[in-house]
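In: From the sequence below, what's the structure:
(2 chains)
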Amino acid sequence: MARSTDSPDGANAVMSAGERAEKLVEVRLNEQGSRRTFLRMLGVGAGAAAAASTGCGASAPTTEEFFRQHYKKLTDEDKKRIFARIEGETLAKTGVRTHISDPPPIDGVEFAYALNLSVCNGSRRCVEACARENNLPDDPEIRYIRVMEMEAGSLEFEDATPNYDREKVPEKGKFYLPVQCHQCDNPPCVKACPVGATWKEPDGIVVVDYSWCIGCRFCVVACPYFARRFNFSAPQVAPEKINPNQGYLSNRPRFKGVVEKCTFCLHRTRKGRMPACLEACPTGARKFGNLNDPNSEIRKIIETKRVFVLNEELATLPRFYYFFS
Amino acid sequence: MHSLYRFTLATLGAMLRGSRGYYLWLLFLTAWIALGALAYLHQLQVGLVATNLVDQVPWGAYIANFTYLVGMAAAAVMLVIPAYVYDDHALHNVVVLGELLAVAVLMMCLMFVMVDIGRPDRVWHFVRFNWPSSMLSWDVIVLNGYLALNFGITTYILFTKFKGEEPDRKKYVPFVFVAIVWAFSIHTVTAFLYSGMGARPHWNAAILAPRFLASAFAAGPSLMIIALSIIRDKMGYPVKDEALNRLRQIVAVTMLINLFFFFSEIFTELYSFKHHAASMRYLLFGLKGHTRLVPYIWSAMFLDVFAATVFMTKKLYVHKNVLRAACAAAVLGVWVEKGMGLVIPGFVPSPLGEIVDYTPSFTEFCVSAAIWAAGAFIYTLLLKAGVPIELGTLRLKKAEAAK
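Out: Below is the predicted model of the structure:
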């Protein structure tokens, strides 16, 4: 059941009391050793039992995690140590061997995304591919991409719905508009964060340091694109679904109480690959590339098509363009 | 140093000793606090899933209460300004009681923020302050500063009186004036948290900060009228009728201003029928069959209007109980109108047009009730020590003689 009532498969947006109670029990059961974790939070038995229960569904900080510095203060040595520790924790907890890297932004590259609304058919393949690529939990369900079924002839979200039947798409008189983080050049979320846990990288990607976020959700409130997601409970990813290729600032294990969002798959794109959502798109509606490269496809689209951005009047300067062909 | 030690002992002693009614009252509050503590432990274990918040409505009861209480803390200036700026003698002997209320209420504010954040273990991350760009970092500064000012001023006054001396106006009045400006700043900054959000058209209005101040200066003094009446009745403190009347005059004006601001906002939103009037329509009439807030906001407006009517009508406000009922109505009406009545419509519809109704969960209810109980607990203790010092019955000489 979706926490963000993020229900691509048509689940009702509002939970009944019964469902909620059921889910709470489930969460409780899933959270093995919650008493121990709580004791650890109070500082009892810190360290010793720490390693075992962190990883993907972590619920309380280990001593190391508790005192971990902000990402920008970490030396290469620190990173090596931290990555090895996280990999070890995931292995101990799930039996999956993961590899965490931290690819830096590439000099002279600024990423941008364009989406052709004329061909998007609302299949939501991008949503699923994104979930698997980024180790998004199914319980509680978190999805970075939200595909809105829009009334033809209108860009009014009030008449749109994300809860449509994907078996029936594309429906007559509708078109489909996927929304994810727009990686704004003037991001209101970054401005809002009281502790500097989220910032814009030189290649334009807005990232979150999951180990620094205090979970106040001011960024969630500030985002005009509904792009940020909060971990209302410990995220659960089934071991067979874990993507072992992980980036520290993107799809590494997250934990309860922090905010996360789309990172344009920076662990792929900074190594020259395409984002998972683009590769999964059956219609070729998604285009991605380097804005600074005059020969790139994205540059051609922006120069030749009549592109537009959402909420232009807010001057957020998104790097996510839409167009009709 | 010695006298400070004596002061601490004597005040703590005063807090611990009391009648049976006093203990029963504290026990009652403790029961609520204990219930809320259990609920909060549950929330710590499972996460904020224990609340009814979702990504579409990421703030709820906790932040609504926080917003309201910041105003209550700021409202202490409605006693301070007449007393210190206009030298209104009727209010002079109740100023300290108002400032102590501000101290208790600010502690409630900080508690409401703490229970709202997902990672309370990381509050130390504020070492890396995103100042000045984040309004939340401003809020942390101004709230703690206001707490320090009020705590410092009241402690100085009570400590000096405890020693049997007259407080030196040169030493504390400058801080009182700083605190006056500061009081406006805490509620302005809290309003700016909301009004600075381009993403939320319902809040993104210049009227918000003035409206916050007006409603705070209506609800705050109303609460003080109730509190001062109780202090007079239960603790034998000489609160002058004149003082209560002055406060009544203040709320008569501020409540009208508050209603006028709210009306201006409603008019602007609804008459132009702008796209972003959806939140206002959701609040007042419901949107696409979602009408959860409608009964609350209309009740709140009824309470506000009732309070304003009583405050202005001599035939009504001369009756002690009618006046107190009006005060309670103002406190409650503003709590609904600028608590959940302001926070929730900001999220409905969401930026992608979704409508998600929100009602606090049982956990949120218990935790919120506990923080209110904790506030009452703190204020009771502060009064228990502060009132006898102001009355002159708790003095250093007496404490030493007793030894």
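In: going forward, measure contacts between C-alpha atoms and count neighbours the same way
Out: Noted.
In: gap between the two ends of stretch B:51-69?
Out: Its start and end residues considered, stretch B:51-69 measures 20 Å (Cα to Cα, to the nearest Å).
In: Pull out the buried positions in it.
Out: B:51-69 (16 or more other Cα atoms under 10 Å in any protein chain shown).
In: tell me the SS of A:Y322?
Out: A:Y322 falls in the strand class when you classify it by DSSP: H, G, I helix; E, B strand; the rest coil.
In: What of A:M150?
Out: Secondary structure for A:M150, judged by three-state DSSP, is strand.
In: again with B:P132
Out: Local secondary structure at B:P132 is given as coil here, using three-state DSSP.
In: State the phi and psi torsions of it.
Out: B:P132 adopts backbone torsions of phi -90, psi 10, taken as degrees, to the nearest 10.
In: number of nearby residues for it?
Out: The number of residues packed around B:P132, counting by other Cα atoms under 10 Å in any protein chain shown, is 11.
In: and if you look at the one 4 residues further on?
Out: Counted with other Cα under 10 Å, residues neighbouring B:L136 total 24.
In: Now do the spatially most central residue of chain A against chain B, distance only.
Out: What sits nearest the mean C-alpha location of chain A, by Cα atoms, centre = their mean, is A:K261, with 3.0 Å. Relative to chain B, A:K261 is positioned 12 Å away (Cα to the nearest Cα, to the nearest Å).
In: Is it correct that that residue is in contact with A:Y144?
Out: Yes: the criterion here is Cα atoms under 8 Å, and A:K261 meets it with A:Y144 at 6.1 Å.
In: what residues are shared contacts of these two?
Out: Each of A:C181, A:A227, A:R228, A:R229 lies in contact with both A:K261 and A:Y144 under the rule Cα atoms under 8 Å, 6 or more residues apart in numbering or on different chains.
In: and the last one, what does it touch?
Out: So the one you mean is A:R229. For A:R229, the contacting residues are A:S4, A:I142, A:R143, A:Y144, A:V220, A:V259, A:E260, A:K261, B:D55, by Cα under 8 Å, 6+ apart.
In: any idea how far it lies from A:V96?
Out: Summarising the geometry, the distance separating A:R229 from A:V96, computed by Cα to Cα, is 25 Å.
In: With B:F212 instead?
Out: From B:F212 to A:V96 the distance is 53 Å (Cα to Cα).
In: Please identify which of those two sits among more neighbours.
Out: Legend: neighbour count by other Cα under 10 Å for B:F212 and A:V96, higher for B:F212 (23 against 18).
In: Can I take it that the more buried one is in a strand?
Out: No: secondary structure of B:F212 (three-state DSSP): helix, not part of a strand.
In: ok, now how distant is it from B:K170?
Out: Counting by Cα to Cα - B:F212 and B:K170 are separated by 32 Å.
In: still on that earlier bit, filtering the buried residues of stretch B:51-69 by proximity to chain A, which remain?
Out: Within the set of the buried residues of stretch B:51-69, contact with chain A (Cα under 8 Å from any Cα of the partner chain) is found for B:V54, B:D55, B:Q56, B:P58, B:W59.
In: The second one contacts A:F218, correct?
Out: What that stands for is B:D55. No: proximity of B:D55 to A:F218 does not meet the contact threshold set by Cα under 8 Å, at 11.3 Å.
In: how about JSON lines for the shared contacts of A:K261 and A:Y144, with secondary structure and pLDDT added?
Out: Rendered in JSON lines, the data for the shared contacts of A:K261 and A:Y144 read as follows (DSSP: H, G, I helix; E, B strand; the rest coil; pLDDT from 0 to 100):
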{"residue": "A:C181", "secondary structure": "coil", "pLDDT": "98"}
{"residue": "A:A227", "secondary structure": "coil", "pLDDT": "98"}
{"residue": "A:R228", "secondary structure": "coil", "pLDDT": "98"}
{"residue": "A:R229", "secondary structure": "strand", "pLDDT": "98"}
